[in-house]
Structures are given as structure tokens and as C-alpha cells.
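[1] turn this into a structure:
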Amino acid sequence: MKTRGIPAAAVVVAASTLAGGLVGTRARAVQNQDRVMERYQVYTSALSAIEREYAKPVESAQLVYGSIDGMLRTLDPHSSFLEPRAYERMREQQSGSYPGIGITIVSLDGQITVTQLFEGSPAYRAGIRRNDVLARVGQPIPGKTPKEIAWEETKGWQTEEVVKRVRGPKGTTVELSIRRPGVDKLIDLTVERDQIQITTVRTAFMIAPGTGYVRLQDFSETTDDELGAALTKLKGAGMERLILDLRDNPGGPLDQAIAVSSRFLKRGQMVVATRGRVANSDEDYRTERPGGYLDQPMIVMVNRNSASASEIVSGAMQDHDRALVVGETTFGKALVQGVYRLSGGAGLALTTGRYFTPSGRMIQRPWDGAFDEYLTYTYRDQAPARDHAASQLKHTDAGRKVYSGGGIEPDHFIPGPVEGFNPSRFSRVLVQRGAFVSFAERFTADGDKRPASASAAIHRVARGWTVTDEMVTEFREFVAAQRVRIDEAAFKTDVAFIKAMIRFEVEADLFGIEEARRNLTRVDPQVQSALGYFDEARQLLIPKKPQ
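    Next comes the predicted model:
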């Protein structure tokens with residue numbers, strides 16, 4: 001759930017314990033009740049006037065929702081109002097499970113477009129692809145043999161209307177018609193619904209002999225269990241060292257950040273502290289169990305889009321000298337948020353405090369009055385070092401210097417905001433426009449027998465394929481046909497990035513995210529650099545003599 005169009009790193013992934021939020025409690029009584037009632041009368045008078053006199057009829061609920069949202073905009077960049085549907089989606093995401101077919105959709109130019117699929121879901125098994133348009137939904141006409149479908153066109157529908165028809169109990173079916181670029185006819189599908197598991201550990205594999213790699217994409221109520229299973233698998237494969245990749249991880253529930261940290265720390269070590277103005281908001285959170293992975297050299301990877309719970313984990317690992325942090329300075333979004341359920345199924349995510357690392361560093365970055373500089377942080381390039389006031393200096397357990405004032409600064413700075421690469425502005429625009437995802441539609445896998453496999457695809461590839469120079473030329477022509485002005489110098493400079501992104505997006509569609517990520521890490525500049533720091537990471541595990 002994004003807040004006011006802010007970048008991914010600033011996403012407020014709200015939950016009943018959102019990064020330590022004080023949840024489930026009722027708003028406390030306001031001391032000056034007379035003043036509240038006076039303001040309330042002003043508000044209700046304005047609401048009545050709008051409903052009675054405005055030029056056209058307006059929905060009362062939308063007026064109320066809009067006014068609450070406007071009120072929260074005056075507080076901070078992350079306090080937000082959740083309309084009932086948004087609140088429901090938030091709860092589903094944090095629970096890690098919901099009944100459906102496993103897609104994320106948006107309305108683009110009035111067309112319901114698939115933007116994400118969950119691997120192994122009914123939609124994935126049916127061969128639905130990103131950028132497919134759900135052109136029709138339908139249901140069988142009772143008593144008709146052979147089966148006839150009563151179709152409804154979805155053009156112009158709101159996404160909620162489609163969700164209502166696509167969702168349903170496990171084991172039931174939904175009829176869909178897919179429109180795909182390059183395919184002349186609609187693709188009709190019968191898709192059986194299932195319970196969709198939203199995994200947060202998308203990939204875990206041996207990246208090099210003795211070296212495990214885990215990509216933790218975000219945090220949900222199942223993250224610690226998923227991580228435990230991944231670590232067990234890697235240990236069985238001979239893991240002696242670990243890269244924990246938290247890049248682009250927007251965060252989530254505090255209890256899961258503590259549980260993840262606990263796997264690598266000793267019992268009783270502090271993970272994070274909260275400080276706020278409400279009663280009982282000042283608390284130190286410590287590990288309550290002995291970690292099972294205390295002796296493996298460890299590198300934590302972060303970038304400018306790592307936020308919230310991922311900053312809590314990386315800050316704890318750094319402060320306790322448990323791991324080296326490699327990459328970019330994180331976003332600096334670490335506010336304690338209470339999520340309050342309101343009447344009518346709506347919700348309120350309200351900031352109640354701030355987070356501090358074990359050394360006393362405040363993670364939250366300051367924001368400007370209009371939030372503009374704050375919210376555009378991820379679009380601006382970083383310098384390898386930044387100035388600090390003397391008061392911001394803190395020390396790790398072993399005496400290493402670290403600084404407060406916003407985000408977690410890496411021990412080794414390596415720029416790489418886009419999948420570990422630092423491409424030109426031109427190539428970043430291509431990513432934002434979805435050019436690589438769209439181009440991937442031209443590919444299908446040899447032997448793909450899924451019902452909606454792309455019979456009209458230009459390229460058929462098998463595992464182990466490579467991106468040829470001819471494919472790069474084809475991609476350039478494809479981009480130019482989208483009315484994108486080609487920056488020749490940037491295209492030439494970024495050709496390694498372009499090849500990597502073509503392969504990654506094609507393999508994510510055809511062979512699964514783990515294979516796509518495995519091959520990407522072989523050319524990912526940040527990952528390849530991180531592999532060279534394990535000797536230093538090993539030194540952190542050697543006990544230091546008292547000074």
C-alpha cells in the first residue's frame with residue numbers, strides 16, 4: 001500500500017504490529033472535550049453545507065474519508081487513512097494468505113491490467129503474464145451443454161469490481177478472457193481458485209561454494225518461518241557464509257524484524273528501541289531466544305529503497321558487529337505506527353513514536369515541510385560519504401564509528417539503485433515505463449504447455465539461454481517504437497544492464513523468480529562486490545580484547 005504516491009521505500013506496510021505500532025487500542029480520550037466539540041461542530045456544519053449546496057451530488061463517505069486523509073497530511077509523510085478496501089488488502093498482505101488466483105491488477109487507460117503474479121498460483125499455472133489485460137470475466141450459463149459462458153466486458157471497470165468476481169472460495173472456478181499484445185484473439189481460460197500464499201523469502205540458493213544467498217523481499221507474519229526454512233535448506237547444502245539481501249525491502253511488522261534478527265544474535269541482545277510521547281511507548285526490544293546462526297560470516301545488503309523493518313534488522317546487525325552492511329544508505333523510514341480499525345471497515349495508520357538502533361541511532365530521516373525532498377529521496381543519487389554533526393556519532397559494540405540522523409549507512413558504499421546496477425537516467429526511465437517487462441512478452445519457453453502460453457511469441461528459449469546482440473538491437477527498436485527518444489550514448493554505456501534486465505524479466509515470467517535471481521546475481525555489481533568482503537566479515541566474529 002503506497003502512501004500518496006511515494007516511492008517504494010516509503011511504503012507503509014501497515015499491520016496490527018506494524019514495525020512495533022501500538023495496535024488494537026482505542027483512541028484515548030481527549031482532555032479538552034469542549035474544544036473538540038467546538039471543532040467538530042465547525043466540521044459537521046461544513047459537511048452539511050457541501051452535501052446540501054454543492055453543484056452536484058457528492059458521496060458523504062468520500063467527503064469524510066477525504067477530510068481525514070487531508071488532516072493526516074499535515075502530520076508526517078506516513079500517517080495515512082485506509083479506506084475499507086485498502087484496509088482489507090493491507091490485512092491480507094500481512095497475513096500472507098488470501099483466496100483467489102494470485103494476481104495483482106491495476107486499471108490502465110480503462111483496461112484491467114495484470115502487474116504481478118505469485119509464482120505457483122493458479123494464474124501462474126494457467127500461463128497468465130504481466131501486462132495481460134483481463135478483458136472479460138464470466139460464469140457458465142446454468143443448464144447449457146456444452147458449456148456456454150455469460151461474459152461481461154471489464155473495460156472501464158474499477159479494479160474492485162473485478163476483484164469481487166475473481167475472488168472466491170478455494171476449489172471454485174472463474175472464467176477469464178485475456179488480451180495479450182501480439183496475440184490476435186482473446187485467450188479464454190477457466191482458472192480454479194486456491195489459497196494464495198504471499199511469500200516474502202522469494203529466493204534462497206548457494207551463490208558460490210560455501211556461500212548462501214537469501215533475498216528477503218518484504219516482511220509479513222510468515223517471514224521468520226520462511227527464513228528458518230531457507231536457512232535450514234542452505235545449511236544442508238553446505239552454507240558457511242551468508243548474504244542476506246534486504247535491498248528494495250519496504251519493511252513490515254516489528255515482531256518479524258525482531259525474529260529475523262534473533263536468528264543471528266545472542267539471547268538478550270537489543271534489536272531496537274522505541275521512543276514516543278504516549279504512555280508505555282518507550283520500550284527496548286531484545287532477542288528472547290539464542291540464534292542458531294551465530295558463527296557464519298554475514299553480509300547484509302541494503303539500498304536506498306530499504307526501509308522500516310529492513311532498517312531495524314540491518315541496524316542491529318551493524319551495531320552488534322554481527323555483519324557487514326554493503327550497498328547504499330537506506331531510506332530512513334522508521335516510525336512506530338499504530339493501526340486503528342475505524343467504523344465502517346476503514347483503518348488509520350498513525351505515527352506514535354520513532355525507532356532507535358542498539359547504539360542509539362535514530363533511523364528516521366528528517367522531512368521538509370511539504371515532504372517533497374523527503375519523498376523524492378530514492379530518485380536522487382547518493383554520495384559515498386555525508387557530513388555529520390558531532391552529536392550524531394555513535395559506536396558499535398566493538399567501537400566502530402556509526403552515525404545517527406537518517407537511515408543505515410553501509411560499511412561499504414556501492415551505488416546500485418536498480419537491481420544492483422547504477423544505470424543512466426535513460427535506462428532508469430525504461431525500467432519505470434515497464435519496457436523490459438513488456439519486451440519479455442515476446443518470449444516463451446520451449447515446451448510450455450500452460451493454457452495461456454504465448455503461441456505468437458517471437459522467441460522460444462530454454463533454460464541456460466543468453467541475450468544475443470540481435471535481441472538487444474530488437475529491444476532498441478521496440479523502445480523506439482514506443483516513442484521513446486533513444487539516448488545513444490547511454491544505451492551503449494548501459495548495454496550490460498540492458499542485457500541483464502531483459503534476461504531477468506524473461507526468466508521471471510518463464511522459469512521462476514529463483515532462477516531469474518540466481519542468474520542476475522552473477523552479473524549484479526553490488527552482489528559481486530559484496531562477495532569480496534567476507535574476510536572482513538569474518539574478522540567481526542573474532543572477540544575483541546578489552547581496551
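[2] skipping its backbone neighbours, what lies nearest G238 in space?
    G210 (6.0 Å; C-beta to C-beta, 6 or more residues apart in numbering). For every residue, glycine as well, the C-beta is placed using N, CA and C.
[3] wait, what's in contact with the one you found?
    Contact analysis of G210 by C-beta atoms under 8 Å, 6 or more residues apart in numbering lists G238, M239, E240, R241.
[4] these in strands, which ones?
    Counted as lying in strands by DSSP state E, out of the contacts of G210, are R241.
[5] elements contacting the strand or helix carrying D284?
    Assigned by DSSP states H and E, D284 belongs to strand 283-286. With contacts taken as 3 or more C-beta pairs under 8 Å, 6 or more residues apart in numbering; DSSP states H and E, strand 283-286 sits against strand 270-276.
[6] what is the distance between the strand it packs on and the centre of its chain?
    Remark: strand 270-276 is offset 23 Å from the chain centroid, using C-alpha atoms, centre = their mean, to the nearest Å.
[7] any idea of the mean pLDDT for that strand?
    Summarised as a single mean, pLDDT over strand 270-276 is 94.
[8] do the same with stretch 493-511
    97.
[9] which residues sit against it?
    Here stretch 493-511 makes contact (C-beta under 8 Å, 6+ apart) with 129-130, 418-419, 421, 423-424, 426-427, 430-431, 436-437, 439-440, 443-445, 448, 461, 463, 465-467, 471-472, 475, 491, 515-517, 519-520, 523-524.
[10] out of these, which sit inside strands?
    Applying DSSP E to the contacts of stretch 493-511, the entries found in strands are F443, T444, A445, V461.
[11] which of the helices and strands in this protein ranks last by mean pLDDT?
    Every helix and strand of the chain was ranked by mean pLDDT, DSSP states H and E. The lowest is helix 84-95, at a mean of 71.
[12] which strands or helices does the helix or strand following it pack on?
    Elements were assigned by DSSP H and E; along the chain past helix 84-95, the next helix or strand is strand 97-100. The contact analysis (3+ C-beta pairs under 8 Å, 6+ apart) places strand 97-100 against strand 194-197.
[13] about what we covered before: mind listing which of the contacts of stretch 493-511 are in helices?
    In this view, those that belong to helices under DSSP state H are 426-427, 430-431, 436-437, 439, 471-472, 475, 491, 515-517, 519-520.
[14] which of those residues lies closest to G100?
    V437 (21.6 Å; C-beta to C-beta).
[15] what's the burial count for the closest one?
    18 (other C-beta atoms under 10 Å).
[16] so it versus S424, what's the distance?
    19 Å (C-beta to C-beta, to the nearest Å).
[17] just S262 next, same as before
    For S262 relative to S424 (C-beta to C-beta), the value is 41 Å.
[18] same check, this time on E83
    From E83 across to S424, the span is 39 Å (C-beta to C-beta).
[19] measure how the longest strand seen in the chain sits relative to strand 270-276, angle-wise.
    Counting residues, the longest strand found in the chain (DSSP E) is strand 347-356. Interaxial angle of strand 347-356 relative to strand 270-276 (axes from the mean of the first three to the mean of the last three C-alpha atoms, to 10 degrees): 120 degrees.
[20] still on that earlier bit, strands paired with the strand holding D284, and their directions?
    Using DSSP bridges, the strands paired with strand 283-286 are strand 270-276 (antiparallel).
[21] average pLDDT for stretch 450-459?
    79.
[22] what's the span of that stretch from first residue to last?
    Stretch 450-459 stretches 17 Å from its first residue to its last (C-alpha to C-alpha, to the nearest Å).
[23] going by neighbour count, list what's buried in that stretch.
    Using 16 or more other C-beta atoms under 10 Å as the test for burial, stretch 450-459 gives R450, A452, S453, A454, A457.
[24] output the residues you listed as JSON lines; include the columns distance to Q111 and secondary structure.
    Shown next, in JSON lines, are the buried residues of stretch 450-459 (distance: C-beta to C-beta, whole Å; DSSP: H, G, I helix; E, B strand; the rest coil):
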{"residue": "R450", "distance to Q111": "22", "secondary structure": "coil"}
{"residue": "A452", "distance to Q111": "17", "secondary structure": "coil"}
{"residue": "S453", "distance to Q111": "22", "secondary structure": "coil"}
{"residue": "A454", "distance to Q111": "18", "secondary structure": "coil"}
{"residue": "A457", "distance to Q111": "21", "secondary structure": "coil"}
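[25] can you tell me which of these lies closest to R73?
    The nearest member of those to R73, counting by C-beta to C-beta, is A452 at 42.2 Å.
[26] who are the contact partners of the closest one?
    So A452 contacts A126, G127, I128, R129, D132, I178, R180, I187, L189 (C-beta under 8 Å, 6+ apart).
[27] redo that, cut-off 6 Å
    Applying C-beta atoms under 6 Å, 6 or more residues apart in numbering to A452 gives the contacts A126, G127, I128, I178, I187, L189.
[28] per-residue pLDDT of the closest residue to it other than its chain neighbours, please?
    Excluding the flanking residues, the one nearest A452 by C-beta to C-beta, 6+ apart is G127, at 3.4 Å. On the pLDDT scale, G127 is placed at 92.
[29] residues near G127, how many?
    Neighbour tally, G127, other C-beta under 10 Å: 22.
[30] so it makes contact with R450?
    Yes: counting by C-beta atoms under 6 Å, G127 touches R450, with 3.1 Å between them.
[31] spatially, which two of the ones in helices among the contacts of stretch 493-511 are the most separated?
    Maximum distance among the ones in helices among the contacts of stretch 493-511 (C-beta to C-beta): 28.2 Å, for F426 and E515.
[32] quick one: the ones in strands among the contacts of stretch 493-511 as JSON lines, columns for distance to E88 and neighbour count too.
    Shown next, in JSON lines, are those (distance: C-beta to C-beta, whole Å; neighbours: other C-beta atoms under 10 Å):
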{"residue": "F443", "distance to E88": "36", "neighbour count": "22"}
{"residue": "T444", "distance to E88": "35", "neighbour count": "23"}
{"residue": "A445", "distance to E88": "35", "neighbour count": "21"}
{"residue": "V461", "distance to E88": "39", "neighbour count": "19"}
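[33] of those, which is the nearest to L234?
    Of all the ones in strands among the contacts of stretch 493-511, A445 has the smallest distance to L234: 27.1 Å, by C-beta to C-beta.
[34] if I look at K56, how far off is I50?
    Using C-beta to C-beta, one obtains 11 Å as the distance from K56 to I50.
[35] now swap in R341 and tell me
    Separation of R341 from I50 (C-beta to C-beta): 27 Å.
[36] ok, those two, which is more surrounded?
    Neighbours were counted for R341 and for I50 using other C-beta under 10 Å; R341 has more, 16 against 13.
[37] can you report how many residues lie near the closest residue to the more buried one other than its chain neighbours?
    Leaving out its chain neighbours, the residue that sits closest to R341 by C-beta to C-beta, 6+ apart is G347, at 5.6 Å. Around G347 there are 20 other residues, counting by other C-beta under 10 Å.
[38] between S262 and S424, which one's more packed in?
    Neighbours were counted for S262 and for S424 using other C-beta under 10 Å; S262 has more, 21 against 15.
[39] do you know how far that one is from S438?
    Applying C-beta to C-beta to S262 and S438 gives a distance of 42 Å.
[40] do the same with I258
    Distance from I258 to S438, by C-beta to C-beta: 40 Å.
[41] more crowded one of those two?
    Taking neighbours as other C-beta under 10 Å, I258 and S438 compare with I258 leading, 23 against 17.
[42] dump the strand or helix carrying the more buried one to CSV, keeping only the CA atoms.
    Per DSSP H and E, I258 falls inside helix 254-262. Extracted C-alpha coordinates of helix 254-262, given in CSV (Å, rounded to 0.1, in the frame of the first residue of the first chain):
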residue,chain,number,x,y,z
LEU,A,254,8.1,-5.3,14.1
ASP,A,255,7.8,-8.8,15.7
GLN,A,256,9.1,-10.3,12.4
ALA,A,257,12.1,-7.9,12.3
ILE,A,258,13.0,-9.0,15.9
ALA,A,259,12.5,-12.7,15.0
VAL,A,260,14.7,-12.4,11.9
SER,A,261,17.4,-10.5,13.9
SER,A,262,17.2,-13.2,16.7
